[in-house]
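Asks: Fold the following.
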Amino acid sequence: MANFEQIIKDFAEYLEWDLEWNNESASVDFEVEPGEVQTVFITNNGETVEFDVFSKYLFENEEDIAHSVSTHLLMRNTELEVGAWVLEKLDDGWHFSVMYNEDLDTLDSMDYDELDINLKIILQEARGLTLE
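Replies: Numbers count the residues shown, from 1 in each chain. Reported below is the predicted structural model:
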């Protein structure tokens, strides 16, 4: 079985990421525009690695989430080649985020630039969400 931490460190070295580690997970900040930073959270889920990018939308209560938004994002998922929109419950409320999962063994043999492209895709997708 491939080693999560070593694989992520290898990607980070090649792609010149400044990783932050927290137990079994990592994060890396990307400057998506001058002065604007987005974070990709990287989580070890056993045989699967999760890459997660929060959008700017946070809802304190479940009741605040318009059903039309959820429907729109589910429909948007059918158009995405990489990642999917998800709704996550965290301590501060409900977050819409774009999540991309990769099998650990596949990630171990993946070209560094392929992962870089996939992460740029989900970063752009998370930035592009507008609810207005």
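Asks: so the closest residue to L115 other than its chain neighbours, which of the three states?
Replies: Leaving aside its chain neighbours, L115 sits nearest to F11 (6.0 Å; criterion: Cβ to Cβ, 6 or more residues apart in numbering). The C-beta positions use only the backbone N, C-alpha and C, and glycine is treated the same way. Secondary structure of F11, reduced to three states by DSSP: H, G, I helix; E, B strand; the rest coil: helix.
Asks: any idea how far F11 is from N45?
Replies: Between F11 and N45 the distance is 17 Å, computed by Cβ to Cβ, to the nearest Å.
Asks: neighbour count winner among these two?
Replies: With neighbours defined as other Cβ atoms under 10 Å, F11 and N45 compare such that F11 has more, 20 against 12.
Asks: mind checking how far the more buried one is from E36?
Replies: From F11 to E36 the distance is 23 Å (Cβ to Cβ).
Asks: Next up, the contacts around the residue nearest to L115.
Replies: Taking Cβ atoms under 8 Å, 6 or more residues apart in numbering, we find F11 in contact with W17, Y112, L115.
Asks: Low-confidence ranges, the chain, go.
Replies: Counting by pLDDT under 70, the ranges of the chain that qualify are 1, 129-132.
Asks: Please repeat the previous calculation with a cut-off of 80.
Replies: Within the chain, the stretches with pLDDT under 80 are 1-2, 129-132.
Asks: center of it, which residue is that?
Replies: The centre of the chain sits closest to D52, judged by Cα atoms, centre = their mean, with a distance of 2.0 Å.
Asks: helix, strand or coil for that one?
Replies: Three-state assignment for D52 (three-state DSSP): strand.
Asks: quick one, strands of the protein?
Replies: 19-22, 25-33, 36-45, 48-59, 84-90, 93-103 (DSSP state E).
Asks: and these as CSV, adding distance to N3?
Replies: Formatted as CSV, the strands of the chain follow (distance: least, Cβ to Cβ, whole Å):
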stretch, distance to N3
strand 19-22, 14
strand 25-33, 13
strand 36-45, 10
strand 48-59, 11
strand 84-90, 26
strand 93-103, 14
